[in-house]
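Participant: With the input below, show me the fold.
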Amino acid sequence: MDPSGGCPHADNARLLARGAVCPVVLPGEIEGMAVLGHEALREFLAHPEVAKGASHFTALREGRVGAGWPLLTFATVRGMTTADGDDHRRLRSLVSRAFTTRRVEELRPRVEELTEALLDDLDRAAADAEGIADLRRHFALPLPMGVIGELFGVGAEYRERLHHLSNQVVATDIGPEQAVAANRELVDVLGEIAAAKAERPGDDLTSALIAAREEDGDRLGRPELIGTLVLMIIAGHETTLNLITNAVRALCGHREQLALVRQGAADWGDVVEETLRWDAPVSYFPFRYPVRDLTLDGTVIPQGTPVLAGYSAAGRDPATHGPDADRFDVTRPRRTGAVRSLSLGHGAHYCLGAPLARLEATTALERLFTRFPDLELAVPEAGLARHSSFVGNSVRALPVRPRP
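Facilitator: Reported below is the predicted structural model:
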């Protein structure tokens, strides 16, 4: 895997042509596998003999993975993404009530209010810079970060720092010393937030998690509390940030598709679903481990191998999505009854925040293109710098002209 990241789609197509499951070399010369094909990935994500717990990671257990390994947090953070069975159900149940369809719908007025305020900020930023503003910085980032920050009681003074640290945590080209320092600082910041909430509880999820821990000391230990905050705050904004950014890029590059939405041939929900498939916000997500040698699509994945879920590859798998899988088409779901993408997961670990991500993205896109119908990219797509990671899939900045 190229630790510098970049656009994944050309490599994905090349690998998919060879098969749905592919051996890969991870940073540090760690041997792994990637599941690329849609049907193979669907089977793998829900397979009863595939685990998430790091105790199943053979190279880690044998001491071949160092403390500065850039992907270590994904393997060892204590939370629902690295828990199995009863532990996973216990941890998931502690926060799941905040992401029910009803609870998310109750958040709609706040999401709409915040969206409108951020559109004002985007307009002002462009006016101050000769008509050009970074949509990612002024709009796509503060919307999901603001919502998840309010849900978990994370003050505005922490949010930019947490975003910076989360970028380092998901980077795959980071050096060992930087990786260790970033992880240590992230734990320290979240520990500071948790300590403040323990002293002065509020009406937020962090306070509720701390209360659950104090009511039953065995229910949520401190490492699990911090791990849950790592997961919810990073995943709760990074994925939606990439989703909104990628959708805007797609629509600006395919004006005929934007016209179809305006004509009523598709809606903003269709745009979000097609973006999730065509340009998934997460390209390769670490890790799952077979608990025994597992044959998937004719390929043996040895027990204890770290496996990447290849969401961006599965989204353009022609075997599932047809010969035009690499074409952005917002009418695809209605026109073909297309298979839903796996970009938000599948099985027991399906993304808990999926309803909230969809609400934020559809609201953001509808309000953005209503307010600025002629919004366009200020630089060619090829000139946009990509993230230095094969985990996250997006660009570092998105300069736009909100008004012609």
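Participant: how about the strands of the stretch 151-300 of the chain, start to end?
Facilitator: For the stretch 151-300 of the chain, the strands defined by DSSP state E, counting those that start in this stretch cover 284-290, 294-296, 299-301.
Participant: Name the helix or strand for A126, please.
Facilitator: Using DSSP states H and E, A126 sits in helix 101-127.
Participant: residues touching H56, list them.
Facilitator: Applying CB atoms under 8 Å, 6 or more residues apart in numbering, we find H56 in contact with 289-291, 303-304. For the C-beta atoms, the positions are set from N, CA and C on the backbone; glycine is no exception.
Participant: Redo the residues you listed as TSV? Include neighbour count, distance to F44 and pLDDT.
Facilitator: Formatted as TSV, those follow (neighbours: other CB atoms under 10 Å; distance: CB to CB, whole Å; pLDDT from 0 to 100):
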residue	neighbour count	distance to F44	pLDDT
Y289	25	11	98
P290	22	9	98
V291	15	13	98
Q303	14	14	98
G304	19	15	98
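Participant: nearest to A198, of those?
Facilitator: Using CB to CB, Y289 comes nearest to A198 of the contacts of H56, at 34.3 Å.
Participant: Next one: the spatially closest residue to the closest one that is not a sequence neighbour from L41, what distance?
Facilitator: The spatially closest residue to Y289, leaving aside those adjacent along the chain, is H56, at 3.9 Å (CB to CB, 6 or more residues apart in numbering). H56 sits 19 Å away from L41, going by CB to CB, to the nearest Å.
Participant: Out of the strands of the stretch 151-300 of the chain, which gets nearest to A181?
Facilitator: strand 284-290 (20.2 Å).
Participant: Which strands border that closest one, and is each parallel or antiparallel?
Facilitator: Paired with strand 284-290 in the same sheet, following DSSP bridges, are strand 50-51 (antiparallel), strand 307-310 (antiparallel).
Participant: next structured bit after the helix holding A126?
Facilitator: Next along from helix 101-127, by DSSP H and E: strand 133-134.
Participant: gap between that following strand and the chain center?
Facilitator: The chain centre lies 22 Å from the centre of strand 133-134; the measure is CA atoms, centre = their mean, to the nearest Å.
Participant: Just the mean pLDDT for whatever helix or strand comes next after it, thanks.
Facilitator: Once strand 133-134 ends, the next helix or strand along the chain (criterion: DSSP H and E) is helix 135. Helix 135 shows an average pLDDT of 98 in the prediction.
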